[in-house]
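S.K.: no letters, just coordinates:
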């Protein structure tokens, strides 16, 4: 009985070490891979794969609880009912968050592009931020034209995204600050256009 309890406790400690190592790596912005996580957790890569079938499932667990709520993220503009101001803040917040944790973000994107059935593993932070940023429109644009509000949310989801940031920095060679400014400009332009 004691031997069985000891094995269960050891498995729990190993699993916890793997999750904690992944969580720590996710905060650094560095590349996150299963070999890196295993090395940081002081286990073999094969052991890490015994606990988690793929990197996406490990990262989903590792970053659970690390993401701020939309209310926390947009606290600096909570007093504003101006959707343009709120969308600008949401866009900037998301992109700076992506930059700070780009290793884990890139790993999650890569995992879900090569295995689309894993798409639910990616956090949908942008969607919550967009919904919260546009909440003041629920009674105006949303009341007058719910389809227009839905379309604006869809349009913003294309722009307010890690993929947009990486397209500008990686493929177009823009500095991160210029890329963020460009995406904020695009998101606010879309929002203004929808309001008129």
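M.R.: That came through, no problem. Worth saying up front: this structure is predicted, and the values here are computed from it rather than measured. Numbers count the residues shown, from 1 in each chain.

S.K.: list the contacts for residue 58?
M.R.: Contacts for residue 58 were tallied using C-beta atoms under 8 Å, 6 or more residues apart in numbering; they are 18-19, 22, 34, 37, 48, 51-52. For every residue, glycine as well, the C-beta is placed using N, CA and C.

S.K.: take those residues and keep only those in helices.
M.R.: Using DSSP state H, the subset of those located in helices is 18-19, 22, 34, 37, 48, 51.

S.K.: in the helix or strand where residue 177 lies, what counts as buried?
M.R.: Element membership of residue 177 [criterion: DSSP states H and E] is helix 176-195. Of all the residues in helix 176-195, those buried under the rule 16 or more other C-beta atoms under 10 Å are 179-180, 182-184, 186-188, 190-191, 194.

S.K.: which stretches of this protein have low pLDDT?
M.R.: For the chain, applying pLDDT under 70 flags the ranges 1-2, 119, 121-123, 141-143.

S.K.: pull the number of nearby residues for residue 99.
M.R.: Other residues lying near residue 99 total 17 when counted by other C-beta atoms under 10 Å.

S.K.: also the one 5 residues further on?
M.R.: By the criterion of other C-beta under 10 Å, residue 104 has 26 neighbours.

S.K.: how about the nearest residue to it, chain neighbours excluded?
M.R.: residue 26 (3.8 Å; C-beta to C-beta, 6 or more residues apart in numbering).

S.K.: now do that neighbour against residue 60, distance only.
M.R.: 11 Å (C-beta to C-beta, to the nearest Å).

S.K.: compare those two (neighbour count), which wins?
M.R.: Set residue 26 next to residue 60 and count neighbours by other C-beta under 10 Å: residue 26 wins out with 22 against 19.

S.K.: ok, now which ones touch the more buried one?
M.R.: Residue 26 touches 32, 59, 62-63, 66, 101, 103-104, counting by C-beta under 8 Å, 6+ apart.
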